[in-house]
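Participant: Predicted model follows, preceded by the sequence.
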Amino acid sequence: MTSQLIAFVQMVIHGACCVLRKQYLIRNRQYAIHYLMPILILAVFATGVQAQEAERPSTLLVVSGVDVRSPPTVSLDIVGISSSGERLEFGPNDLLLRHEGTAVTDFSLSGTRDVGTFTLFLIDIPSGVSGQMDDIEAALTQFASEPTMREQLDAVAIYKVGETNPIGLLEPNRFHNSVINLFFDPPQPIDAPTALIDSSVNLLNNIESLKPSPNMIASVVIFSDGTDVVSSQYLADDIRARGAELGVPVHTVWLQNEALSAAAQQFGRNYLGEVAAGTRGLTTSLDNPAGITAIFDRIASFRSHARLVYTVPEMTGGTFTVEVGLANEPGVIASASGELPANVPQVSLDIPPEAWTLSVPNLDDPVRLRLSASTGWLDGQTRTIVAAQLLANGTIVQDVAPDSLDGFDAEISSFNYGDNTLQLAVLDNQGLRATSPQVTITVREGTLDIPAAIAPQLRRTGLIGTLLIGFLCLLLVLGLGTFAWRQGWLVLRRRERTRYVEPVAQPAAAPAAAPVEDTYQAVAYLEVLAAASATPDYFSLSQYEEKIGRSPAQSNITFPEDVTVSRLHATLLREGSYYRIYDNQSTSGTWVNDQQVPEYGMQLTDGDEIHLGAVHLRFRQ
């Protein structure tokens, strides 16, 4: 009965707004509340829900990404949101997994992956809240800084409430300065009637198309006094209902409107609280810095998603479906689909489990290993591997000759004490790439002990074998020397004493011609468009491998004064007459034409624009 009464009162208010608007009786928010206040009070007292908290939605589970670049291994990015809106932390026993309807029990959680967040701000600024614009600017500037918003990874968009639809102030953007620059010309208050409910629901309806990346968890933050004047499309509960349906938390920040009565202000504050509670959001007031920080911290907590990894015994090409559920909440299930081409290559490092642990006295010198890999194609056809690279902890260690994959020596200088990962990335003659499943190698400090299965060729021979080979070589040299002496080919002469003779000056000889160096003629360069460090206007690309970063010890193209650039940020590798860029697990990521460079790199073409932190480059070829 109560729900029916609430719906009836909402319809009465909605109709009253439309009638007043049609008769031009609503001139501003103050007059609107004057006419509607009796109806609002009737709604509050009739239902007895003036401050009642809306029912919270249930737990939500999202599969934000499916990665099949290392078949038959599949990686899923997952994130969970509790009924109160907090990020769920998973353990192996908390999840259930099904692949194509078949239960999978052998899976693992392998760290996290930074996906980024998308936050949409909606500002309601009638004339009665104009005095709080400085505080609104301070809150948005706080958001557009570390650690809440990580530049080039997280994205933000800003709108203000309009008469029927939201008005764009800042389109989706990944840069701090874009938010800061918005307030050089602050948004002006709106004296005309505005529609908070219509603007909010229309933004929610379009939020998926606004997201820069479909994998991001989106959030909405509303700054408002909580009252609506001219809603003509939706009812008051539609913000909460639509946010809950989409799984988008709506956080609310209450603004005190001096033009409203105390009862109207309290009504608006209660309404914003119910919207937030019904969408897993948080609510606070603008004069509560701790509440503002709590909202921003909640949003930032969804930047990283858990990575779930499993192997399919008999994987085939085509589309497949995967389902992830919570063990303690059977009704919470998220599904996603992935697609794998039938001709994709497969590669795996052949390292047996007994060789996953080794010890070294120190890590000052590279760790030398003997590795091998197996390759094939999903459809069983035989093709050719044309390039291969070994990766340690996600960083390229060295190129591997395709014809030596059955046994090659590796020197790894990026190992740390503890767990490390090894992978092999390959490229076949179809232009398709594949990366082997990660093999975790545990490195301990102690006496040098490398398992025989991955020991370098010299260590496999052993000390005795090495000495025996050396002794045989010495005998061979002595035998050849003795034979040459007996044949008269080798004459031993006694050194005779000679007296000192003053040297006679000789005419100076013409200087020898400088040796001709076999150098690679630069056909590409990086044009510097913006950088905090003092740099030349461009960097020529003449090496097979060009390393970019802040540390001169690790990079040959350096920006030493720019803290937004990692010590070793990115690597350029020449492939024939082209260059491919890779990110070296940098803090802020590497971006080409506003797209983040994936683990397998991105081929560059003339005119591509590259962002590394605050550094802005243009590739020319």
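Facilitator: In hand now; what should we look at? Model, not experiment: these values are computed from the prediction. Numbering: from 1, shown residues only.
Participant: State the distance from the closest residue to Asp537 other than its chain neighbours to Gln152.
Facilitator: Excluding its sequence neighbours, the residue lying closest to Asp537 (CB to CB, 6 or more residues apart in numbering) is Val528, at 5.9 Å. No exception for glycine: its C-beta is placed from N, CA and C like everyone else's. Per CB to CB, to the nearest Å, Val528 is found 18 Å from Gln152.
Participant: So which of the two has more stuff around it?
Facilitator: When neighbours are counted by other CB atoms under 10 Å, Val528 and Gln152 differ, and Gln152 comes out ahead with 21 against 18.
Participant: The more buried one: what's it in contact with?
Facilitator: Gln152 sits next to 174-175, 588-589, 591, 596, 611, 613 when contact means CB atoms under 8 Å, 6 or more residues apart in numbering.
Participant: before we move on, what about Thr558?
Facilitator: Thr558 touches 533, 548-552, counting by CB under 8 Å, 6+ apart.
Participant: Remind me what whichever helix or strand Ser359 is part of packs against, helices and strands.
Facilitator: Applying DSSP states H and E as the criterion places Ser359 in strand 357-360. Of the remaining helices and strands, those touching strand 357-360 by 3 or more CB pairs under 8 Å, 6 or more residues apart in numbering; DSSP states H and E are strand 439-445.
Participant: you'd agree Ala244 is in a helix?
Facilitator: Yes. With DSSP: H, G, I helix; E, B strand; the rest coil as the criterion, Ala244 is assigned to a helix.
Participant: when you give positions from now on, start the count at 4
Facilitator: Understood, numbering begins at 4; the last thing we discussed is Ala247.
Participant: how much space between it and Gly229?
Facilitator: 18 Å.
Participant: neighbour count winner among those two?
Facilitator: Gly229 (25 against 20).
Participant: hang on, that one packs against Gly271?
Facilitator: Yes. If you go by CB atoms under 8 Å, Gly229 and Gly271 touch, sitting 2.6 Å apart.
Participant: For the two, list the residues in contact with both.
Facilitator: By CB under 8 Å, 6+ apart, Gly229 and Gly271 have these common neighbours: Trp257.
Participant: quick one, what contacts the residue nearest the centre of the chain?
Facilitator: Geometric centre of the chain, nearest residue: Asp117, 3.7 Å, by CA atoms, centre = their mean. For Asp117, the contacting residues are 153, 156, 306-307, 592, by CB under 8 Å, 6+ apart.
Participant: so which two of those residues are the farthest from each other?
Facilitator: Ser307 and Gly592 (13.0 Å; CB to CB).
Participant: So between these two, which is more surrounded?
Facilitator: Set Ser307 next to Gly592 and count neighbours by other CB under 10 Å: Gly592 wins out with 22 against 17.
Participant: which residues in the stretch 404-553 of the chain form helices?
Facilitator: 460-489 (DSSP state H, counting those that start in this stretch).
Participant: Give me the residue ranges of it where confidence is low.
Facilitator: 460-470, 484, 486-526 (pLDDT under 70).
Participant: ok, the nearest residue to Arg101 once chain neighbours are set aside - how many residues close by?
Facilitator: Spatial nearest neighbour of Arg101, chain neighbours left out: Glu326 (4.4 Å); criterion: CB to CB, 6+ apart. Glu326 has 18 neighbours, counted by other CB under 10 Å.
Participant: What's opposite Glu326 in the beta bridge?
Facilitator: Arg101, Ser338 (DSSP bridges).
Participant: Pretty sure it sits against Ala337.
Facilitator: Yes. Using CB under 8 Å, Glu326 makes contact with Ala337 at a distance of 7.2 Å.
Participant: tell me the mean pLDDT for stretch 367-381?
Facilitator: Averaged across stretch 367-381, the pLDDT comes to 92.
Participant: Equivalent analysis for stretch 335-354, please.
Facilitator: 90.
Participant: Any idea how far apart the tips of that stretch sit?
Facilitator: This stretch, stretch 335-354, spans 38 Å end to end (CA to CA, to the nearest Å).
Participant: Next, find the distance separating Val618 from Gln598.
Facilitator: Separation of Val618 from Gln598 (CB to CB): 17 Å.
Participant: Name the residue in the two with the higher neighbour count.
Facilitator: Remark: of Val618 and Gln598, Val618 carries more neighbours, 25 against 12, as counted by other CB under 10 Å.
Participant: Can you give me the distance of the closest residue to that one other than its chain neighbours to Thr314?
Facilitator: The spatial neighbour of Val618 that comes closest, neighbours along the chain excluded (CB to CB, 6+ apart), is Ala534 at 4.9 Å. Between Ala534 and Thr314 the distance is 44 Å, computed by CB to CB.
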